[in-house]
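In: Okay, predicted coordinates and the sequence, questions at the end:
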Amino acid sequence: MSDLTAWPVLSGRNLRMALRGVDALLISLLLPVMLLLMFVYLFGGAIDTGTEYLTYAVPGVLIVCSGYGASLTAVSVAHDMTEGVVDRFRSMDVGGRALLGGHVTASTVRNLCSTAIVFAVAFAIGFRTDANAAQWLGALGILTAFIVAMSAFSAMMGLLAATPEAASGFTFFVLFLPYPSSAFVPVHTMPSWLHGFADNQPATPVIESVRSLLLSQPTGDRPWTALAWCTGILLLSLAASGPLFHRRTR
């Protein structure tokens, strides 16, 4: 079976497995909604962002949702690598590219569904946007690029982890990465020693790009910075995944 033929088959397999893992599925779908409601209704009144807090917070919640959902790929890949599934696939001439590509594709589809749910809840509680069709496409394109890049990076981390339990530690790192960014508070309100990291980590330009596009505001060069981060993470992950896969399966 060629990699091109196996890729969609394995993508469907991973989506079905995600549907069977009810606990993880519910967490990945409900966590962003709970975060949105918590920040808007519990903390939003105490945070001054210069605009309505719901409007400010939605892009940050979308990135938390995307990053955490993508990070679950590390656990899925580590599970495959330790349960003997890879040996059965290799006996059918299924290569590493198809196996890892199936995980990344399934993660992207799953996370786009989570993104749609967050948008639906946000609109239900009052979020509004003046974005035109091109700006919507730009925002969704950057979100998708971030999801694909983080899913590929998570797949690489799954190859590095010795066990699924070890890979699950990566999900906590990705979950908290957006917090020291402009996701929920402006960076200038943070301690000065944190500004350098907050301004120069991948989540901030992605969040700022999505926020500017959805609110129909000038974007500057932020989308290009966001896409550069996503491209760099993706290329690094692809370059490292091949040797890591061969090392784990030789």
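Out: Now that the structure is in, tell me what you want to look at.
In: Ramachandran coordinates for residue 177?
Out: Backbone torsions of residue 177, given as degrees, to the nearest 10, read phi -60, psi -40.
In: which residue packs closest to it, ignoring adjacent ones?
Out: residue 203 (5.7 Å; CB to CB, 6 or more residues apart in numbering). The way it works is simple: take the backbone N, C-alpha and C, and place the C-beta from them, glycine included.
In: That neighbour - how many residues pack around it?
Out: 25 (other CB atoms under 10 Å).
In: Quick check: pLDDT value at it.
Out: On pLDDT, residue 203 comes in at 92.
In: With residue 191 instead?
Out: Looking at residue 191, its pLDDT reads 89.
In: Ok, residue 194 next?
Out: Per the predicted model, pLDDT is 88 at residue 194.
In: Test my guess that residue 14 contacts residue 102.
Out: Yes. With contact defined as CB atoms under 8 Å, residue 14 counts as touching residue 102 (5.4 Å).
In: The two: which is more packed in?
Out: Neighbour comparison, residue 14 and residue 102: the larger count goes to residue 102, with 26 against 23 (by other CB under 10 Å).
In: Who are the packing partners of the helix or strand harbouring that one?
Out: Here residue 102 is covered by helix 96-124, with elements defined by DSSP states H and E. Helix 96-124 is packed against helix 3-20, helix 22-38, helix 53-82, helix 133-160, helix 222-249, with contacts defined by 3 or more CB pairs under 8 Å, 6 or more residues apart in numbering; DSSP states H and E.
In: Going by neighbour count, list what's buried in that helix.
Out: The neighbour-count check on helix 96-124 (16 or more other CB atoms under 10 Å) flags 96-108, 110-111, 114-115, 118-119, 121-122 as buried.
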